[in-house]
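Visitor: the following comprises the amino acid sequence and a computationally predicted model.
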Amino acid sequence: MPSRELLLRLTEHLSVPVRERNAMLVAAGFAPLYRERPLDAPELAAARGAVERILQGHLPHPALAVDRHWNLLSANRAVHALLAGAGGAPPLPSGPLNVLRLTLHPAGLAGRILNLAEWREHLLVRLAHEVERSADPVLAALLDELKHYPAPPRPASAPPADGRIAVPFRLAGPEGPLSFISTTTVFGTAVDVTLSELTIEAFFPADAETAAAMARLAA
């Protein structure tokens, strides 16, 4: 029987997510170590404030916060401006607003994404990695759902020949074509399960035209 200390050392060395660390402790007969508070708990007030400062400080560019299942928790007004007009027939599935579902569903943003095949492939690979890492059945079901959405031909696996530094997110916007590169931010020292699974997705303009368009849109 492994000791509690041995389990904690192993999970830390292997960078096991804290939710799975709790599961391993329980499986070995120990009490879970990490608490899971709701996001509106008083103890998470400082973290919520930090999230909102990041989102609002990122204006005029879009940024949003999601939970471990990619459900939207918060977003700045640039996101809402870009989502204007998303949705139509057939309707999006009901329930929490899932960012991946909104992005790839035919009633969501899919029809406005100019490089849909490339961006879809990027999101599916990322989600598949999360499923493999966490074995989360909700994420696995989401991945299966997204794979069955209508999709353009899969992009070639050859490296890009245009000198790009990252896969862009290219969207037809109210100010014309927009191109973004994305970053992901997490709380690196979180010991609360909810906080450890909160992710901020921020989008930066990939070219001067997008930067100018977002400035005009914000104005």
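Guide: Received the coordinates, thanks.
Visitor: who are the packing partners of the lengthiest strand in the chain?
Guide: Longest strand in the chain, counting residues (DSSP state E): strand 176-186. For strand 176-186, the contact count by 3 or more CB pairs under 8 Å, 6 or more residues apart in numbering; DSSP states H and E identifies strand 169-173, strand 199-205, helix 208-218 as packing neighbours. Glycine gets a C-beta too; all of them are placed from N, C-alpha and C.
Visitor: okay, buried residues for the lowest-mean-pLDDT helix or strand in the chain please.
Guide: Lowest mean confidence among the helices and strands of the chain (mean pLDDT, DSSP states H and E): helix 77-83, at a mean of 90. Buried residues in helix 77-83, defined by neighbour count with 16 or more other CB atoms under 10 Å: 78, 79, 81, 82, 83.
Visitor: equivalent analysis for stretch 58-72, please.
Guide: Here stretch 58-72 shows 58, 60, 61, 62, 63, 64, 65, 66, 67, 68, 69, 70 as buried, counting by 16+ other CB under 10 Å.
Visitor: cool, and stretch 115-129?
Guide: 115, 116, 118, 119, 120, 121, 122, 123, 124, 127.
Visitor: wait, isn't the fifth one in contact with residue 151?
Guide: Yep, that's residue 120 we're talking about. Yes. Counting by CB atoms under 8 Å, residue 151 is a contact partner of residue 120 at 5.8 Å.
Visitor: picking up where we left off before, closest one of the buried residues of stretch 115-129 to residue 27?
Guide: Distance ranking of the buried residues of stretch 115-129 against residue 27, using CB to CB, places residue 127 first at 25.9 Å.
Visitor: pull the distance from stretch 211-219 to the chain's centre.
Guide: Here stretch 211-219 is found 24 Å from its chain centre; the criterion is CA atoms, centre = their mean, to the nearest Å.
Visitor: appreciated, that's everything.
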